[in-house]
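Visitor: Provided below are the primary sequence and the corresponding predicted coordinates.
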Amino acid sequence: MKIDTEFNAKKLVPDIDPSPAEAEAVNRYDVELVAVSKSYDGDARAVNEISLRIPKASYCCLLGPSGCGKTTTLRMLAGHESVTEGDILIHNRNVTDALPSARGTSMMFQSYALFPHLSALDNVAFSLKLRRVPKPERQARAMEFLRLVQMEELAHRMPSQLSGGQQQRVALARSLIPRPKVLLLDEPLSALDPFLRVLMRSELKRIQTELGITFVHVTHSQEEALALSDMVVVMNGGRIMQAGTAREVFEKPANSFVARFIGGHNVIEFEGRTVSVRADKCRIVEAVGGRNIPATITGIEYQGPMVRINLAGEAGQALCAVISDTRFFADPPSVGEKVAFSWMPDDEWSFAA
Amino acid sequence: MLNRRPLSYYLLSAFFALFLLFLYGPMLCVYILSFQGPEGGMSFPMRGVSLVWFQTLFSAEGRGVGDIHNSFLRSIRLGLIVALLTMLIGVAAGMSFRRRYPGANFVFYSAIASMVVPGIFVGFGIALTLRLLGLRPDWWYSGIGAQLTWSLPFAMLIMFIILGRLDKSYEEAATDLGASPAQRFQYVILPLILPGVVGIVMAGFTSSYEESARAGLNIGTGNTMPMELTGLLGAATTPVMFAVGTLTTLFMFTTVIATLLVSARLARRRQLRLAAQHG
């Protein structure tokens, strides 16, 4: 597939024309959630008083295990789920009770939801047809968006004649054509194979950067969230556990849930404190002036440039050290060996609470 | 051979063959006997082959043919109206179940229950009620109404099956792209359920065409086809009845095949439209 470098994506950006008084506020946040809750028929809350501000033109990932409320939050943003309590603002306008099409959002569904009776082109042109845009014009504009996702050559195929990745590109074009201020993506990469997932991931990031609008992307993959996000929002049990840049969340997890869920961390009880230490900062040799725990190697996973060593501490706690292949093969340990699991005090991160 | 067919395959095939024989064998007798020679009677043997009974039917000399022409037209008229109403009400009822509403279960089970109530009593009940109200039954209200009690539950079941397979996210996607409820139905739902809707029309028409248990007492003065035939068969003396059987069968097959062709045409037109866009 060739990338059309001449293609000017900027003209696809929604026309925002804020009054000078509003301009500052509009420029600060694209999406604001104010104490938003969702409960079904008086049951326990699926989303519990979450507040969040997403800065302008950000790639924001809602990350969490299944049932954490991330998809519900996204669907409330889209207007496909009513808000029980709280307010939702998009570009500084309260849209809590607005219709899905009157919010300036557009949603890309997990199953893509391409209309099976319409060709790729007609799917993309659908929202223009609803607004009675004349056929030649709407087909030309749909083609423009298909070019953005590099699908113009397959424009006349039916959805059933397209692969998963191609369907996703069409779905992306279809949700971008109404020129949303915020694009909402519900687990967009989960149905793709790992190779395609990485490819589409960079495509999504490219398109977000080109269009300069905010993407809110729901995922349960830490890797995906870290790779894409300007802002990661880790959720659990209907609450936000931590919101920050990918680096903040990885280096300074707010609590043990975030440290465990984001991966690559050891959460260790040590001398009465709970600390997290990145697995790549841990060693399996005694550290002079460091912290040492006796441990037994339970498994070794070769990962190419790195080797992951799983251990059981003396209290049976699961530990993990990731060391470079060079260091590993210099003196390869074996499963069952008793070693000193160690780290330096500087690499410890103490949770705020 | 490892993948030898099991015994059950042969037993079930034999059973199916018997079923076919039982279903079509007697009908075949009717069709053959309708070509009975002028001297022949209502049973085998055939005494020559002729079209004389078909001629009798169309020359309408009234020799045991009763009011067959008018009853046929009445049945067609009734069937078309019932089919149309069944489609409109059935599709609307099916769509209402896309969203839960209070009493949805009651609507569903009461519709299904009406399928197991014996038809003759439904018809009798309607007739009794009309008499209580001092109304005279007539085909255009009590006749149609009585038949709808039979065709609507089927339409609802067909709609449940079609809509059950329809992913809710299509509707959400349409809403998200700015479709009003009417546009959502017109541009997304209807094209996807169209083959099923054609099926409902067909089911509505055939269930009306052959129905007499419910309509019989409520149709008013003019007999429909099945009522006329029931009356005539009791007093029949010539093979002209068999000619009627052959012709109605032909008519129904033609209707079914025409429906299938329309469905296929719909699918092909869609493909042609796409092919045209390629050029």
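Guide: Done, it's in. Numbering: from 1, shown residues only, chains lettered A, B, ... in the order given.
Visitor: for the stretch 101-250 of chain B, which residues are neighbours of chain A?
Guide: Within reach of chain A by Cβ under 8 Å from any Cβ of the partner chain, the stretch 101-250 of chain B has these residues: B:167, B:169-170, B:172-180, B:183, B:187-188, B:191-192. Every residue, glycine included, has its C-beta placed from N, CA and C.
Visitor: just the buried members of those residues?
Guide: Among those, those buried by neighbour count (16 or more other Cβ atoms under 10 Å in any protein chain shown) are B:169-170, B:172-179, B:183, B:187-188, B:191-192.
Visitor: keep only those of the residues you listed that are in helices.
Guide: Using DSSP state H, the members of these that fall in helices are B:169-170, B:172-176, B:183, B:191-192.
Visitor: residue contacts, residue 226?
Guide: No chain specified, so I'll use chain A. By Cβ atoms under 8 Å, 6 or more residues apart in numbering or on different chains, A:Leu226 lies in contact with A:232, A:246, A:249-250, A:262.
Visitor: meant chain B, my bad for not saying
Guide: B:75, B:209-212.
Visitor: neighbour count and secondary structure for these - can I get that in a markdown table?
Guide: What follows is those, written out as a markdown table (neighbours: other Cβ atoms under 10 Å in any protein chain shown; DSSP: H, G, I helix; E, B strand; the rest coil):
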| residue | neighbour count | secondary structure |
| --- | --- | --- |
| B:Ser75 | 25 | helix |
| B:Tyr209 | 23 | helix |
| B:Glu210 | 14 | coil |
| B:Glu211 | 24 | coil |
| B:Ser212 | 22 | coil |
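Visitor: switch the residues you listed over to CSV; also include pLDDT.
Guide: Compiled in CSV, the contacts of B:Pro226 are given as follows (pLDDT from 0 to 100):
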residue, pLDDT
B:Ser75, 90
B:Tyr209, 89
B:Glu210, 86
B:Glu211, 87
B:Ser212, 85
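Visitor: nearest to B:Asn105 among those residues?
Guide: B:Glu211 (27.7 Å; Cβ to Cβ).
Visitor: for the closest one, grab phi and psi.
Guide: Dihedral pair for B:Glu211: phi -90, psi 130, per degrees, to the nearest 10.
Visitor: over to the one 10 residues further on?
Guide: Summarising the backbone geometry of B:Thr221 under the convention degrees, to the nearest 10, its torsions are phi -90, psi -40.
Visitor: what's the pLDDT at it?
Guide: Per-residue pLDDT puts B:Thr221 at 83.
Visitor: just the ones in helices from the contacts of A:Leu226, please.
Guide: Members of the contacts of A:Leu226 lying in helices (criterion: DSSP H): A:246, A:249-250, A:262.
Visitor: any idea which of those is closest to chain B?
Guide: Nearest to chain B among the ones in helices among the contacts of A:Leu226, counting by Cβ to the nearest Cβ, is A:Ala246 at 28.3 Å.
Visitor: what does B:Phe253 show for phi and psi?
Guide: Residue torsions, per degrees, to the nearest 10, at B:Phe253 are phi -60, psi -40.
Visitor: for it, give its distance to chain A.
Guide: Using Cβ to the nearest Cβ, to the nearest Å, B:Phe253 is found at 30 Å from chain A.
Visitor: from A:Gln222, how far off is that residue?
Guide: 63 Å (Cβ to Cβ, to the nearest Å).
Visitor: ok, the two, which is more surrounded?
Guide: A:Gln222 (19 against 10; other Cβ atoms under 10 Å in any protein chain shown).
Visitor: need the contact list for the more buried one.
Guide: When contacts are counted by Cβ under 8 Å, 6+ apart, A:Gln222 touches A:63, A:261-263.
Visitor: just give me the closest of those to chain B.
Guide: The closest of these to chain B turns out to be A:Leu63 (Cβ to the nearest Cβ; 22.2 Å).
Visitor: who touches the spatially closest residue to that closest one that is not a sequence neighbour in this structure?
Guide: Nearest non-adjacent residue to A:Leu63, counting by Cβ to Cβ, 6 or more residues apart in numbering or on different chains: A:Ala225, 4.3 Å away. For A:Ala225, the contact set (Cβ under 8 Å, 6+ apart) comprises A:61, A:63, A:217, A:219, A:232, A:246.
Visitor: mind checking the SS state of the first one?
Guide: Yep, that's A:Cys61 we're talking about. Per DSSP: H, G, I helix; E, B strand; the rest coil, the secondary structure class of A:Cys61 is strand.
Visitor: hmm, A:Ser229 and it touching each other?
Guide: Yes - using Cβ atoms under 8 Å, A:Cys61 is in contact with A:Ser229, at 4.4 Å.
Visitor: comparing these two, which residue is more hemmed in?
Guide: Shown here are A:Cys61 and A:Ser229; by other Cβ under 10 Å, A:Cys61 has more neighbours (28 against 24).
Visitor: pLDDT wise, what is the more buried one at?
Guide: 95.
Visitor: check the one 5 residues further on too.
Guide: The predicted local confidence for A:Ser66 comes out at a pLDDT of 90.
Visitor: over to A:Ile16?
Guide: Note for A:Ile16: predicted pLDDT of 50.
Visitor: in space, what's closest to the residue minimising distance to the centre of chain B - neighbours in sequence excluded?
Guide: Nearest residue to the geometric centre of chain B (Cα atoms, centre = their mean): B:Thr206, 1.5 Å. Leaving aside its sequence neighbours, B:Thr206 sits nearest to B:Met252 (Cβ to Cβ, 6+ apart; 7.0 Å).
Visitor: in the helix or strand harbouring that neighbour, what's buried?
Guide: Using DSSP states H and E, B:Met252 falls within helix B:240-278. Going by neighbour count (16+ other Cβ under 10 Å), the buried part of helix B:240-278 is B:240-248, B:255, B:259, B:270, B:274.
Visitor: following element in sequence after the longest helix anywhere in chain A, please.
Guide: For chain A, the helix with the greatest residue count under DSSP H is helix A:194-211. Sequence order places strand A:214-219 as the next helix or strand after helix A:194-211, per DSSP H and E.
Visitor: quick one: that following strand to strand A:59-63, angle?
Guide: Put simply, strand A:214-219 runs at 20 degrees to strand A:59-63, going by axes from the mean of the first three to the mean of the last three Cα atoms, to 10 degrees.
Visitor: so what touches strand A:214-219?
Guide: Applying Cβ under 8 Å, 6+ apart, the contact partners of strand A:214-219 are A:30-31, A:54, A:56-63, A:70-71, A:73-74, A:77, A:181-190, A:204, A:208, A:224-225, A:228-229.
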